[in-house]
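Trainee: Sharing a sequence plus its predicted fold:
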Amino acid sequence: MPAAPNFSPGPDEKRNARVVLNRLKKRYPTMQTALEYRDAWQLLVATVLSAQTTDENVNRVAPQVFSRWPTPEDLAGANPEEVEEVVFSTGFYRQKTKSIISLAADLVEKYDGIVPATLEELVTLRGVGRKTASVVLAEVWDIPAIAVDTHVKRVTNRLGLTKESDPQKIEFELRALHPEKEWSGISMRYIQFGRDVCDARRPLCWQCPLADRCAYPDKTRRP
Ligand code: SF4
């Protein structure tokens, strides 16, 4: 997999990134998605359903989807109105229904219903971007991949690990900063840290274990 095309960090930057990641590892020794799944197919669908809702909500709804339409073939041929009823409580149910049905159809057509295990192939599936593809690769197969979502983007920018706003550029920079063996453990830790401590509107800077490494100019103080 390529690293950042025009980014080659020096030893100090790499050391800083390593210290940050080590502290996150100390806080979160093991990290896995909170989405429940049995295989790559289920994680793909659960990830699509997880947009704009909680993982708990998806974990309530997704088993109903897989019980009624167990395989990609089943979901590809499902009646959209019936799927909408099942996924209704996850929000944006019409769009999500369209997305998971067309994803299923695409998977059947291109890969005989078997989820491919490379980023290049995964992103050819309708509705699957680099972020979702990277989550599946890292979670299901422990294949080195870094998913950049809104939390990863915010936290890495505040920490000064990147100045980029484009997720793909951030992904490439993180790849260049960290050895490949670390890639699959990066995203989930940043995401959880972004939820627990480095909140978008109200980061808990006064109790942050990374405050001494953080370049964010608007750090908050204990209320
Ligand atoms: S010091 Fe504040 S802004 Fe910086 S990483 Fe910690 S919580 Fe986020």
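Mentor: Nice, thanks for sending it over.

Trainee: From now on I want contacts and neighbour counts done on CA atoms only, so please keep to that.
Mentor: Will do.

Trainee: Now find how far off-centre the longest helix that the chain contains is within its chain.
Mentor: The longest helix of the chain (DSSP state H) is helix 93-111. A distance of 19 Å separates the C-alpha centroid of helix 93-111 from that of its chain, computed with CA atoms, centre = their mean, to the nearest Å.

Trainee: Make residue 1 into 530 and carry on from there
Mentor: Sure, I'll start counting at 530 from here, so that last one is helix 622-640.

Trainee: That helix - what's its average pLDDT?
Mentor: Here helix 622-640 scores 97 as its mean pLDDT.

Trainee: Next, the buried residues of whichever helix or strand comes after that helix.
Mentor: Per DSSP states H and E, helix 622-640 leads on to helix 648-651 as the next helix or strand towards the C-terminus. Neighbour-count burial for helix 648-651 flags 648, 651 (criterion: 16 or more other CA atoms under 10 Å).

Trainee: Check which residues of the next helix-or-strand element following helix 648-651 are buried.
Mentor: Tracing the chain past helix 648-651, the next element assigned as helix or strand by DSSP H and E is helix 659-670. Buried residues in helix 659-670, counted by 16+ other CA under 10 Å: 659-669.

Trainee: what about helix 659-670, distance to the chain center?
Mentor: The answer for helix 659-670 is 7 Å, by CA atoms, centre = their mean.

Trainee: helices or strands up against that helix?
Mentor: helix 569-578, helix 648-651 (3 or more CA pairs under 8 Å, 6 or more residues apart in numbering; DSSP states H and E).

Trainee: of these, which approaches the ligand most closely?
Mentor: helix 569-578 (25.4 Å; CA to the nearest ligand atom).

Trainee: Flag every residue of this structure that's near the ligand.
Mentor: 687-688, 726-727, 732-734, 737, 739-740, 743, 745, 748 (CA under 6 Å from any ligand atom).
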